[in-house]
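*Asks:* Below: sequence and its predicted model.
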Amino acid sequence: MSLGDIWAIMCRRWYFMVPLTLLSLFAGGYLYRTIPVSYESQSSVTLLDSTAVADLAPTFGNPISNAGGSLVVTADVLIRTLQSSDAAKELHSRGVTDRYTVGFAPEADSPLLTLGVTGTDRAKVLRETTTLTEFTGEQLKALQAASKVPAKYSVQATPVVLPQTPVSQSKARYQNIASVLIVGMVSAFLLSILAEGVAVVRRRGRAQAGYIPRRHRRAAQPPEPEPRGLLVRRLDATTILTGYLVLAFFVPSNLTLPALGGVGTPANVFALLGLLWYLATWLGGRIRPAEGTRLPRVAMCVLAAAVLLAYLADATRDSSHEEVLGADRGLIGLGVWVALVVLVSAGIQERSRLETLMRRLVVLGTVVALIGYYDFFAATNIADSIHIPGLQSSTAGISAMDRGSFTRPRSTTAHPLEFGGMLAILVPFAVHQAFDPVRRHAGALRRWGPVAIMAGALPLTVSRTSIIGAAIVILVMVPRWKPARRWAAIGIILTSVAGFKVIIPGLIGTITNLFATFFAGSDSSTQARTVKYSAIVPYLEEHPWFGRGFGTFTPDLYFFTDNQYMLTLAEMGLVGLVALLVLFVTGIHTGGAVRRLARTDSDRELGQAFLASALVALVISATFDALSFPMYAGMFFLTLGAGGSYLGFIRKEAAEARATAAAASAIPAARTPSDVKLPQLVESR
């Protein structure tokens, strides 16, 4: 269905579009007039040690009185005291009735506190911020007095930033207005498409019954030439997914639309629009889901059920405003993943178009890898210099990351781990396309260039995740090859390692040292992660089945998990962990099924590529919170849907081959020699 077809449907169903659009506009205007503008004022307070800090200070059995120690502990106790219900009641009695926040200042390692008040009255917010700042000093004195700390050892709270003039916070206001407008427009769109689909079904029924509409009873006229133009050009799922890939790869994944957080990338928004296109085409009777491709969509239904149950669990507990926003963003992310799986598995109707999409995926991934080479050798991040009007960075403080003496590239991704993980799940498809006999007409550079570039970029990230991903690809794909190809591949791999050792001195040694410290148990990053595993247990015991809510366990509120399985347990509980494993098992199953049913060596290698990619995703999800990164998550779900789509085509081809063989074997059995009629000879005159 082209854009012109969709526009024609909107015009024919104007009785849905016009009223609902006007209603949403009126509702948006009403919210604009009725929702007041909120104002926020902030101040900063730091804790200063006592004048007797040079002497050995007694602790009096309480960390709050440890004047000679770290004041971060003191600041943490003070923050928890100010967040208590007793402090809230006392502040309410002093006139602080608006919502207030207390916490450590961002990016601060010292006892620096940020105090904030948000309300609708500018003057009142300023007074409340002043009251909160004074109350903070009083609470610190009261805590030390309760611990009987001598005066000379008392810690003092000193304002370093006085209460600021309140500034307007119109973000939430415009979010509500935009939500109403989007819901109204989308509802009108879907109702129009649904009405058109019902009309198409009725016309088909009448046509089968022999009914001819009056407008079709006139004499047949010669067909008019097909119009040309952008709006009437036929769209298919491959075209839409190509647009998604371009946005995902070349717009840095940390640049998002305001108010949507990490899920608000232009690529994700485009994927949601693509899902609307598919619904319009499907409801309009222009497309049907491809046969035999149901398995990935069933797995997505399992994941969607787990996410919705976690969302309900978050709604039933006393969650903060930030957690509610995180849960809402989680639903948006789920919609993007569903869109990718549906567009690939159900929207692509021809195998040639699916192969085109996979070739484009490898080519674009190669370009992203080349950008990573520039980052590594130039010791910079090219994504930092990309600024797009209307987009803002969802991750503060992103800069070039170093390990040893090497800069870890991230190209257009948000993190080197995302860069390495994304390339690791794409390398198997590059290898398959290089060996594909159909592409033998292409030169060796075009076939093997993507393999060398993407595989060579994996060690440059200087991370265990990339090396583990590369090792899994080698262990899954190489043993399945014929001996000549297998030994040639092993030789090339060993030569590449030696080449890296010569061209980039110290890189192989740094990577080897990463694994050596890991197995020796002396790696600081590994120890930090294992400590966090035990910290997840209290949250899991609190909500063991459905978790705290998908998207709510953010580092700003809690801590980094660096493990997708641990993060899933915290956010979606045991049900969510099962749903996540179902996704990985589905990818592994589709790869194995494609290999078993394939009739050619190329298709069998393709099935092995899907199997290797799914196994990479399964393993490296234990090394970082994979689905929190939009580019990696998008590539994973796209390849998951592609595996299901290929399985459908392979099953269809296998069924056709069996039917042809059965028909061929049935012909000789049906015709015996006695039944065969010889041609009659006619005497020529």
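*Replies:* Arrived safely, thanks for sending.
*Asks:* Now do the strands in the stretch 151-300 of the chain.
*Replies:* 156-161, 167-169, 255-256 (DSSP state E, counting those that start in this stretch).
*Asks:* My error: substitute the stretch 351-500 of the chain in the last question.
*Replies:* For the stretch 351-500 of the chain, the strands defined by DSSP E, counting those that start in this stretch occupy 392-393, 401-403, 406-408.
*Asks:* Just to be sure, residue 118 is in a helix?
*Replies:* No - counting by DSSP: H, G, I helix; E, B strand; the rest coil, residue 118 falls outside a helix, being strand.
*Asks:* Now residue 480: closest residue in space that isn't a chain neighbour?
*Replies:* Using Cβ to Cβ, 6 or more residues apart in numbering and skipping the chain neighbours, the partner closest in space to residue 480 is residue 608 (5.5 Å). C-beta: built from backbone N, CA, C; applies to glycine.
*Asks:* Please point out which parts of the helix or strand in which the one you found is found sit buried.
*Replies:* Per DSSP states H and E, residue 608 falls inside helix 601-620. Residues of helix 601-620 classed as buried by neighbour count (16 or more other Cβ atoms under 10 Å): 603-620.
*Asks:* Look at the closest residue to residue 298 other than its chain neighbours and say how many residues are nearby.
*Replies:* Once flanking residues are discounted, residue 298 sits nearest to residue 586: 8.0 Å by Cβ to Cβ, 6+ apart. By the measure other Cβ atoms under 10 Å, the count of residues near residue 586 is 22.
*Asks:* Residue 586 against residue 299, yeah?
*Replies:* Yes - with contact defined as Cβ atoms under 8 Å, residue 586 counts as touching residue 299 (4.2 Å).
*Asks:* and for those two, which residues touch both?
*Replies:* Jointly contacting residue 586 and residue 299 under the rule Cβ atoms under 8 Å, 6 or more residues apart in numbering are residue 640.
*Asks:* pLDDT (mean, whole number) over the lengthiest helix in the chain?
*Replies:* Criterion DSSP state H: the longest helix present in the chain is helix 630-670. Averaged across helix 630-670, the pLDDT comes to 86.
*Asks:* and what of stretch 450-467?
*Replies:* On average, stretch 450-467 scores 92.
*Asks:* helices and strands of this structure: which one bottoms out on pLDDT?
*Replies:* Counting by mean pLDDT, DSSP states H and E, the weakest-scoring helix or strand in the chain turns out to be helix 171-208, with a mean of 70.
*Asks:* between the strands of the stretch 351-500 of the chain, which gets nearest to residue 159?
*Replies:* strand 392-393 (29.8 Å; Cβ to Cβ).
*Asks:* which other helices and strands contact the closest one?
*Replies:* strand 255-256 (3 or more Cβ pairs under 8 Å, 6 or more residues apart in numbering; DSSP states H and E).
*Asks:* Mind giving me the packing neighbours of the strand it packs on?
*Replies:* Under the contact criterion of 3+ Cβ pairs under 8 Å, 6+ apart, strand 255-256 touches strand 392-393.
*Asks:* now the chain, which segments are flagged as low pLDDT?
*Replies:* For the chain, the stretches flagged by pLDDT under 70 are 1-3, 50-70, 107-110, 170-175, 200-233, 259, 394-400, 522-531, 667-685.
*Asks:* By residue count, tell me the biggest strand in it.
*Replies:* For the chain, the longest strand by residue count, based on DSSP state E, is strand 38-48.
*Asks:* For stretch 486-502, output the C-alpha coordinates as CSV.
*Replies:* Listed next in CSV are the C-alpha coordinates belonging to stretch 486-502 (Å, rounded to 0.1, in the frame of the first residue of the first chain):
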residue,chain,number,x,y,z
ARG,A,486,37.7,-25.1,7.9
TRP,A,487,41.5,-25.3,7.9
ALA,A,488,41.7,-22.2,5.7
ALA,A,489,39.5,-20.3,8.1
ILE,A,490,41.6,-21.4,11.1
GLY,A,491,44.8,-20.3,9.3
ILE,A,492,43.2,-16.9,8.5
ILE,A,493,42.1,-16.4,12.1
LEU,A,494,45.6,-17.2,13.5
THR,A,495,47.2,-14.9,10.9
SER,A,496,44.8,-12.1,11.8
VAL,A,497,45.8,-12.4,15.5
ALA,A,498,49.4,-12.2,14.6
GLY,A,499,48.7,-9.2,12.4
PHE,A,500,47.0,-7.4,15.2
LYS,A,501,49.9,-8.1,17.4
VAL,A,502,52.3,-6.5,14.9
